[in-house]
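>>> Everything below, folded, please.
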Amino acid sequence: EFRRVLFRSKSGWELCCCYKVFTFVPWGVKSVRIMWDLPFLKEKRSMVNGKKDRTLTTGSIALGLLWFAVPMILGNLLQQFYNIADTLIVGQFLGAKALAAVGSAYTLMVFLTSVLLGLCMGSGAIFSLQYGAGDREALKRSTFVSLVLIGFVTLVLNVAVFVWIDPILRLLQVPEDVYPLMRDYLWVIFWGIGFTFIYNYYASLLRAIGNSVVPLCFLGVAVVLNIVLDLLFILGCDWGVKGAAWATVVAQVVSGTGLCVYTVWKFPEFRIRREDMCMKWQTVKEIAVYSSLTCVQQSVMNFGILMVQGLINSFGVAVMAAFAAAVKIDSFAYMTVQDFGNAFSTFIAQNFGAGQMKRIRDGIRVAVISVTIFCVFISLVVFGFACPLMLIFVPAHETEIISIGVEYLRIEGAFYCGIGWLFLLYGFYRAVRKPGMSVVLTVISLGVRVALAYTLAAIPGIGVWGIWWSIPIGWFLADIFGWCYYRMKQRKSLEW
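Residues are numbered from 1 along each chain as shown. Modelled structure (predicted):
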């Protein structure tokens, strides 16, 4: 006999299954056994070798999102320390030209890394959907296919940037006095691209199954190592900007290699077996489409920033240095909502794969409220403390650089809600198998930013202010389009 009943657990009322099992003998019923199929018992039964699979398909939505997002937030904040450590030490000890070189190189590296990050994020969305649906065999096939495809792209990209390093620098309109410093920095930093791929691939794989803590631990080790080596190579060995680059590369090697070895050792189900080494067309197509669209989204976003960087470089060293310092603060400010958006995407993907539409609708409501509250708070902090924040990276006597950076932060800082909502829209459409919509939103946001920046900056009375204002305008236009599309099209698909 089978019945569905409501059971009250610690996380609230849940629909459970009750089985009444009868044992019959010729003279009647010998025994009756009651069997319960409860979510929290499933959770306990999923313990294997002392490890527990975390899932976002059951339990409290708010606590589940927070528990999963916090390690991702901390991990990405730590990852920013890779370049923060370079910027801080370079700015204080090597001067404004070195700071401008490292800052411009940072923008270029963000663009290159975004290609790999986008590919890994696209694969991670597929992993989450398959994990939520309980299809472990498909998950194993997808891990092999994505590893081969993204690994090949990484190799091609790494060779290309070494071959075309000088044309890239000319395209960015790097001033002559900064050019040799930036080239020296990039020539070293490019050696870490492969290890950046390894780290992001295995981090995406672990996060897809609900483990966001382990990637955080390896990043923590790498960041501490990065800062120690920065001080050793720049101050102790007097290697200049090359020392900052080598410190970052060594840290990337440690984090990437360490996470790879840990994953293969601790999660034997992800070890690639001979029978998994098959390139089935359906799996290849799914991974390629998802990863390429997410890669395009990330690349377009950072290519737009790179185009703006080229425009900023045309205004001289002071504006370059101010932007290099301010953009680090800016990245820290909204990094939390960016990672919350990625956690939200994993939540949506797992529940979409499991067919839990009501839970998705409830999760959207929780996420929007949480992001809005945080963005309002961080906007007040950045707007009010713009000058002290700039002084962290720039010496007090560089008044022109500080003034330009403060103007940027106060314009950007007032509108962080726009980028917060946009990250939620990116994550949502990626998780419901519509990564193309994320690309559309990115094109709107970055297209408006680049077009307005170049148009307004050419007006003598506006100048660099036009670049700063173009950024939040692009955010809000993309938000409006994404929200309208959800109301008209996507919301109906979540009703069943």
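
>>> Any regions of the chain where pLDDT drops low?
For the chain, applying pLDDT under 70 flags the ranges 1-55, 79-87, 276, 298-299, 301-302, 490-496.

>>> For the strand or helix carrying residue 481, buried residues please.
Here residue 481 sits within helix 464-485, counting by DSSP states H and E. Buried residues in helix 464-485, defined by neighbour count with 16 or more other C-beta atoms under 10 Å: 464, 466-479, 481-482, 485. Just so you know, the C-beta spots here come from the backbone N, C-alpha and C atoms, and that holds for glycine as well.

>>> Next: stretch 124-142.
Buried, per 16+ other C-beta under 10 Å, within stretch 124-142: 124-133, 138-142.

>>> Stretch 225-236 too?
Neighbour count says stretch 225-236 has 225-227, 229-230, 233-234 buried, by 16+ other C-beta under 10 Å.

>>> what does stretch 88-96 give?
In stretch 88-96, counting by 16+ other C-beta under 10 Å, buried: 88-91, 94, 96.

>>> Name the nearest of those relative to residue 427.
Of all these, the one with the least separation from residue 427 (C-beta to C-beta) is residue 88, at 30.7 Å.

>>> name the helices or strands packed onto the helix or strand containing the closest one?
According to DSSP H and E, residue 88 maps onto helix 61-93. For helix 61-93, the elements it packs on are helix 96-133, helix 213-230, helix 241-266, helix 317-354, helix 357-384, helix 386-393, judged by 3 or more C-beta pairs under 8 Å, 6 or more residues apart in numbering; DSSP states H and E.

>>> Save the ones you listed as CSV, and put in distance to residue 452 too.
Below are the helices and strands packed on helix 61-93 laid out as CSV (distance: least, C-beta to C-beta, whole Å):
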stretch, distance to residue 452
helix 96-133, 19
helix 213-230, 35
helix 241-266, 33
helix 317-354, 17
helix 357-384, 21
helix 386-393, 22
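
>>> Distance-wise, check the closest residue to residue 278 other than its chain neighbours relative to residue 372.
Using C-beta to C-beta, 6 or more residues apart in numbering and skipping the chain neighbours, the partner closest in space to residue 278 is residue 141 (7.0 Å). As for residue 141, its distance to residue 372 is 40 Å (criterion: C-beta to C-beta, to the nearest Å).

>>> my guess is residue 262 meets residue 221, correct?
No: at 11.2 Å, residue 262 does not count as touching residue 221 under the criterion of C-beta atoms under 8 Å.

>>> What residues does residue 439 make contact with?
293, 296-297, 300 (C-beta atoms under 8 Å, 6 or more residues apart in numbering).

>>> Repeat that for residue 151.
Here residue 151 is in contact with residue 197 (C-beta under 8 Å, 6+ apart).

>>> And the strand or helix carrying it, what's buried?
According to DSSP H and E, residue 151 maps onto helix 136-163. Within helix 136-163, the residues that count as buried by 16+ other C-beta under 10 Å are 138-147, 149-151, 153-154, 157-158, 161.

>>> now swap in stretch 72-80 and tell me
72-79.

>>> Please name the spatially closest residue to residue 186 (chain neighbours excluded).
residue 105 (5.3 Å).

>>> Do I have it right that that neighbour meets residue 179?
No: judged on C-beta under 8 Å, residue 105 makes no contact with residue 179 at a distance of 11.4 Å.

>>> The two: which has the busier surroundings?
Taking other C-beta atoms under 10 Å, residue 105 and residue 179 do not tie; residue 105 has more neighbours (28 against 15).

>>> show me what contacts the more buried one?
182, 185-186, 189.

>>> Mind putting those residues into a markdown table with distance to residue 396, secondary structure and neighbour count?
Listed next are the contacts of residue 105 as a markdown table, based on distance: C-beta to C-beta, whole Å; DSSP: H, G, I helix; E, B strand; the rest coil; neighbours: other C-beta atoms under 10 Å:
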| residue | distance to residue 396 | secondary structure | neighbour count |
| --- | --- | --- | --- |
| 182 | 26 | helix | 24 |
| 185 | 25 | helix | 28 |
| 186 | 30 | helix | 23 |
| 189 | 29 | helix | 28 |
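
>>> of all those, which two lie farthest apart?
Farthest apart among the contacts of residue 105 - using C-beta to C-beta - are 182 and 189, which lie 10.3 Å from each other.

>>> Check the gap between residue 340 and residue 442 for me.
18 Å.

>>> Next, the angle helix 213-230 makes with the helix holding residue 88.
10 degrees (axes from the mean of the first three to the mean of the last three C-alpha atoms, to 10 degrees).

>>> what's the neighbour count on residue 443?
16.

>>> That one is in contact with residue 300, isn't it?
Yes: using C-beta under 8 Å, residue 443 is in contact with residue 300, at 6.0 Å.
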